[in-house]
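**Q** Here is a sequence together with a model predicted from it:
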Amino acid sequence: MAVQAVSVVEPAPLIEIPPTAVPPAVPVKRAVADQSPPPPDDVVVKAKLPPPPGDPMQGVNKVSFEATQAVDRAFFGPVALGYQKALPKPLRSGIRNLLRNLGEPIVFVNFLLQLKPGKAAETLGRFTINSTLGVAGVIDVARTKPFRLPYRPNGIADTLGYYGVGPGPYLFLPLIGPTTVRDLFGRGVDAAVLPLSVGFPFNDLRYAVPANALRSIDYRAEFNPDYVRIRNDPNPYRARRELYLAYRQVQIDRLRGKQTTLEQLLGVPAAPAPAPVAPPKPEPQSAQQPKP
């Protein structure tokens, strides 16, 4: 039987986006003299702006992005929202936990490759606890007391970034979404680990197709508010690209021990700290005494 690569990693990440996290489109200011139409005899030359650094295939990526958005509005988004409405939250969480648990061996290996034995041991503990006490991973017992072992995504692309491999050109691909050359390579390697090392059922299309479809639908439903917010941005393609690249950089920085924030990379000013509330002044002693 031919080996089929089965993806067991998280889809392209979206996160809770604060309303100001997606920078608005930069307005183009024109001089007053430019607002009047040119004389008929003048020749107007319009220069085509080059693609931004890191996105040399912007033209092709935009076409793919627009096509994906059209499919999402017409089909995939409604299916995901129907899935969210039809299945109660505990059942959806169980499916998500099960699929995540299947990817824990990949997380474990990559923490070892990054020379983080403590994180690798925690991941192995998560996998063991959830695979037994958590009924094959349906219940995330490991994150609760007394274990308190949180889920940490990791993969080959993160390991490459950890050791200094740059992301390479940005890509927006059908069925995959936003990615980079480094991340695309890493996803391919991660997807081949279990089919090659374990075999059945991970190398069987009867498992691969439903598992990947279910993972994508659940992910789309969970982050629907973020999809809507990006779609309503003045420049949704740029917003999606900048958010993806910033989020991936935050993940790799944290592997290196740097506490970079998404807002810093996107150039969004941090929310001002709330003003301290002064404690109430005590009433005068005479006012506290009851009247005779």
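**A** Done, it's in.

**Q** Flag every buried residue along stretch 144-156.
**A** Buried residues in stretch 144-156, defined by neighbour count with 16 or more other CB atoms under 10 Å: Phe147, Leu149, Tyr151, Arg152, Asn154, Gly155, Ile156. Where you see a C-beta, it was placed from the backbone N, CA and C, and this is true even at glycine.

**Q** Could you do stretch 114-121 as well?
**A** Neighbour-count burial for stretch 114-121 [16+ other CB under 10 Å]: Gln114, Lys116, Lys119, Ala120.

**Q** what's the distance between the first one and Asp158?
**A** Shown here: Gln114 relative to Asp158, a distance of 8 Å by CB to CB, to the nearest Å.

**Q** Give the residues shared as contacts by the two.
**A** Leu255 (CB atoms under 8 Å, 6 or more residues apart in numbering).

**Q** got the residue ranges for the helices in the stretch 151-292 of the chain?
**A** Along the stretch 151-292 of the chain, the stretches classed as helices by DSSP state H, counting those that start in this stretch are 156-162, 181-197, 205-222, 224-231, 236-255, 262-266, 285-288.

**Q** winner for burial among those?
**A** helix 156-162 (a mean of 23; mean count of other CB atoms under 10 Å).

**Q** just to revisit the earlier point, out of the buried residues of stretch 144-156, the closest to Arg206 would be?
**A** Gly155 (24.7 Å; CB to CB).

**Q** where in this protein is pLDDT low?
**A** For the chain, applying pLDDT under 70 flags the ranges 1-48, 269-292.

**Q** Spatially, what comes nearest to Pro259 if we skip its sequence neighbours?
**A** Just to correct that, residue 259 is Gln rather than Pro. Nearest residue to Gln259, sequence neighbours excluded (CB to CB, 6 or more residues apart in numbering): Asp253, at 7.7 Å.

**Q** Look up how far Gln58 lies from that neighbour.
**A** 25 Å.

**Q** show me the contacts for Phe108.
**A** Contacts of Phe108 by CB under 8 Å, 6+ apart are Ala120, Thr123, Leu124, Phe127.

**Q** Surely the first one is within a helix?
**A** In other words, Ala120. Yes - under DSSP: H, G, I helix; E, B strand; the rest coil, Ala120 sits within a helix.

**Q** number of nearby residues for Gly257?
**A** 6 (other CB atoms under 10 Å).

**Q** what are the phi and psi values for it?
**A** phi 90, psi 10 (degrees, to the nearest 10).

**Q** just to revisit the earlier point, let's have the buried residues of stretch 114-121 in a markdown table, adding distance to Leu98.
**A** Shown next, in a markdown table, are those (distance: CB to CB, whole Å):
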| residue | distance to Leu98 |
| --- | --- |
| Gln114 | 26 |
| Lys116 | 25 |
| Lys119 | 22 |
| Ala120 | 22 |
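
**Q** and which of those is nearest Phe172?
**A** Checking the buried residues of stretch 114-121 one by one against Phe172 (CB to CB), the nearest turns out to be Gln114, at 27.9 Å.

**Q** Could you report the distance from that closest one to Arg148?
**A** 22 Å.

**Q** just the buried residues of stretch 114-121 now: which is nearest Pro236?
**A** For the buried residues of stretch 114-121, the nearest to Pro236 is Gln114 (34.0 Å; CB to CB).

**Q** Does that closest one touch Thr159 like I think?
**A** Yes - between Gln114 and Thr159 a contact is recorded at 5.7 Å, counting by CB atoms under 8 Å.

**Q** Many thanks, I have nothing further to ask.
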